[in-house]
Every structure is written in C-alpha cells, then in structure tokens.
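Engineer: Sequence plus predicted model, see below.
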Amino acid sequence: MVRVALTDKFIKSDSRVPDAGRVDYFDSIVPGMALRVTKKGHKSFVLIARYPSNPKNPARRVLGEYGAITLDKARVKARLWLELIGKGIDPRIEEARRKAEERRKAVNTFETVMREYLDRHKGLAKHGEAERLFDTEFIEKWGARPAGDILPEEVADAIRAIVKRGAPYQAHNALGHLRRAYNWAIGTHEFGLTSSPVTALKPKDLIGAKQARTHILADDELRAIWEACAGGYVAPKEGKTRVRSPVAPDKMNYPYGPLIRLLILTGQRENEVAGMAWAEVDFEKKVWAIPASRMKSGRTHEVPLAPEAVALLKSLPRFKGPHVFTTTNGERAVNGFSKAKKRLDKLSKVDGWVIHDLRRTARTHFSALPVPDMIRELVIAHAQPGLHQVYDQHTYRDEKRECLALWEKRLRGILSPKPPADVADLDAERAARGVA
C-alpha cells in the first residue's frame, strides 16, 4: 500500500486516472484516508476503517466527492470520524442524529414553540396579553430562529427596550410569560429544548422591583389628552394601503386619536381596543363583543356602547380589511404605542403617565356613579373568579350600559366644565328668584 502526501496538484493530474477499474491513493497524513479515482476520472475521498457497526472487517465509506469537498475539509472530516470511531460511535449514526437535530431545530422555531404554547393554554388567565406581548416584543425579532438558539443577553435586551419605553410593569409581564413558555416547552420533551434563556435573568435586577401602579389622571390632564386626540383622517391614495396624511398636524389623527378616546370612553384595555374588528361591533344592538381569544380572562366580554362611543365608531373610516384601528388598509391592527404616546405627550403637554392609566382613571370615576360595585367591575371585565365563569352566566348588558352612559355624562362635565359664577351672576340669579 503506497502512501502519498495528497495535494491538489496530485489529485488534478490526469496521470492518476487508471486505464481500467479504479485505484486508491492513500494519504500519508491521515491514516485510512484515500483518494479513489475511477477509469472515468471520477474522484472522491474515502475512509477505510473498522466501523463500530461491523468492527471485524474494515469498510470503505465515502467522505465526499472532490470538488464538492476540498482536500483540507476531507482531512478534517476523516479525523472527526476516526475520533468518533475511537469512542465507539459510528459516524454514519452520528451524522444522521446531527441532521435530525438540524431538522428539528428548523421545525421548532421560536414562533412555532410560542404559538404551540399559546394554543395549548387558551384558558391562561392572561392569554390575550401573552399573545400580544409575544407577537410585538419577541416573535418579530426571533420568529424564524430555532427556539433553543435564543441567548439570555438577547432576552435581556428585549426586556430593557420595554423598560426604556416607560413600561416596566409590561416588562415584568413579558419576562414572566416568556419564562413560563420555555419551562413548559422543556417539560414536554417535544421540542428538543433542554435549557431556557430566561432561567438566569432576575426581574428585580433587570427591571427593578415590581411596583403596583396607582396613578390617576387629574381632570385637566384627562381633558388635555382628549383635546389632543381631536384629529381626523385622510383616505389613502389609489393603490396605496397606508393612512399617512394628517388632517390636523397639531392633533392626534386616526388611528391613534380616536383609539385613545375610545379607551377613555369604555375603560377597556389597550390591546382589546387596538385589536377591535368591525365584526365584533353590533351597531343595531349597540354592543361590542370582544372574543375570548383577545381577553385577558379568556372569556368573551360584552361592552355596551353608550352614545358617544357609538358616534365615534360610526365616524371612523372602513377599509377592506377587518380591523377598526389600522394603518394597513385594515389588514392588520395597530400595534406599538411608543411613538404615538410620545407625540401625544408633546401635544397634550401631559407626561408621567402610561396608557393603562386611562383605564384606571375611568374605573375610579365609575366609583362616583350610582351603580353597584359589581357592575363597575364587570364593565372592565373584572369578573369574580369562579362565580361569573361557571355559575352566573347573565351578561348584565343593561346594567353595564347604564354605567357607561353615566360615565359619558360625567366625562362631558370634565371636558366642558362650567365656568365659576361671579358675584354679578349670583346677584342676577337671586333677583330672578325674588331673593333679597
């Protein structure tokens, strides 16, 4: 058996092609590796060894064809095979396992795993919130990548970005949902995941201690925000899908202006209003039915629409797609409030608040209305656990409608407060009543 130090010049030489049959030129650098050349000039690298699947007899296996694999890569592959053989591992089996792992990674993308988690946890208390956070904060970034390839520092960066937008509470929720999803995926043993990029991330260190939010907007702040949202909309040009042209440069136009106003009028959550579809609104019955899939409670929620809310919705443009608040011709609902919120702060000259404060402010004003507390809670979908999900199936539509109608009346008083009467007005009023 003649050994030669294989080189590209040696391999390319036509003198290596035999007149008949085939010939092996053994490499003097890597034991067992050879260049096989046939009479037709076909050249390939092979490794002759006693493989674990049949250790009694030496066998010849192809490393790759010359051209498809270089000499250097053939030597690296041959050495790797010899190392595996030394450990009692058959390279063919190991390669099949590696390819299967690569296929599994390709199938088990981050988006696939997260969607599967959401699909199997439709009864999750905060299912709608989890879905929205996954879509906007994580899937847009990592959707097509293998779920097992996401790094802790990438998760940390994504969470810090939420904090920088002034939403630490949302950051806590996003991190919690992602932690639960990865722990579930690992526990199923279905997705090839053995570790989570969230495990070592501590919410307190990354975000800060979770603080209960209690901020309520003062009447003048609420009035300023409402007035800043007085803009309108311009229909897109022919062939275009995006609503771009503002009709009131100094106001919040469609979609964010009316969206903010509807948040104030109804007291519902940001994602519930932002994701509204026209099919959910019954103008004849004046009811907006939010499907369970979009509710934090995982239960369909009816919002009776008082006059101001009905008028607002009827004033909005209708596009081809199903969504009410959109910049894409109705194809997708709006998402991401950070830029709109910054502009609203500038226009209203109100800062130090978050979108969710509108809901808390509305609920606080509900407490001043002559309405039972249970109805106030039901309006904003704070159902009593167990009771309203299992036993009490009454919708309380009329009672909730009364609450929202009274809230609109109270809101009108906040938006257009009566000026204080001066002394002359009081004197005139007394004279009219015949009072000295």
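Structural biologist: Here it is on my side, so go on.

Engineer: Which residue ranges of the stretch 151-300 of the chain form helices?
Structural biologist: In the stretch 151-300 of the chain, the helices defined using DSSP state H, counting those that start in this stretch lie at 152-164, 168-188, 203-206, 219-228, 256-266, 270-274.

Engineer: no wait, the stretch 301-436 of the chain
Structural biologist: Using DSSP H, counting those that start in this stretch, helices in the stretch 301-436 of the chain cover 307-314, 338-348, 356-366, 373-379, 397-415, 423-433.

Engineer: Let me have those helices in CSV, extended by mean pLDDT, distance to Ile216 and mean neighbour count.
Structural biologist: To be clear about C-beta, it is placed using only N, CA and C from the backbone, and glycine gets the same treatment. Shown next, in CSV, are the helices of the stretch 301-436 of the chain (pLDDT from 0 to 100; distance: least, C-beta to C-beta, whole Å; neighbours: other C-beta atoms under 10 Å):
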stretch, mean pLDDT, distance to Ile216, mean neighbour count
helix 307-314, 97, 21, 16
helix 338-348, 92, 16, 16
helix 356-366, 96, 5, 20
helix 373-379, 95, 15, 18
helix 397-415, 97, 13, 17
helix 423-433, 60, 32, 10
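
Engineer: Which one of these lies nearest to His301?
Structural biologist: Among these, the nearest to His301 by C-beta to C-beta is helix 373-379 (8.9 Å).

Engineer: same for the closest one, what does it pack against?
Structural biologist: Counting contacts by 3 or more C-beta pairs under 8 Å, 6 or more residues apart in numbering; DSSP states H and E, helix 373-379 is packed against helix 356-366, helix 397-415.

Engineer: Distance of the nearest residue to Ile290 once chain neighbours are set aside relative to Leu369?
Structural biologist: Once flanking residues are discounted, Ile290 sits nearest to His301: 4.6 Å by C-beta to C-beta, 6 or more residues apart in numbering. Distance, His301 to Leu369, using C-beta to C-beta, to the nearest Å: 20 Å.

Engineer: quick one on the thing from earlier: would JSON lines of the helices of the stretch 301-436 of the chain with distance to Thr7 be doable?
Structural biologist: Formatted as JSON lines, the helices of the stretch 301-436 of the chain follow (distance: least, C-beta to C-beta, whole Å):
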{"stretch": "helix 307-314", "distance to Thr7": "78"}
{"stretch": "helix 338-348", "distance to Thr7": "60"}
{"stretch": "helix 356-366", "distance to Thr7": "70"}
{"stretch": "helix 373-379", "distance to Thr7": "82"}
{"stretch": "helix 397-415", "distance to Thr7": "85"}
{"stretch": "helix 423-433", "distance to Thr7": "107"}
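
Engineer: Cool, thanks, talk later.
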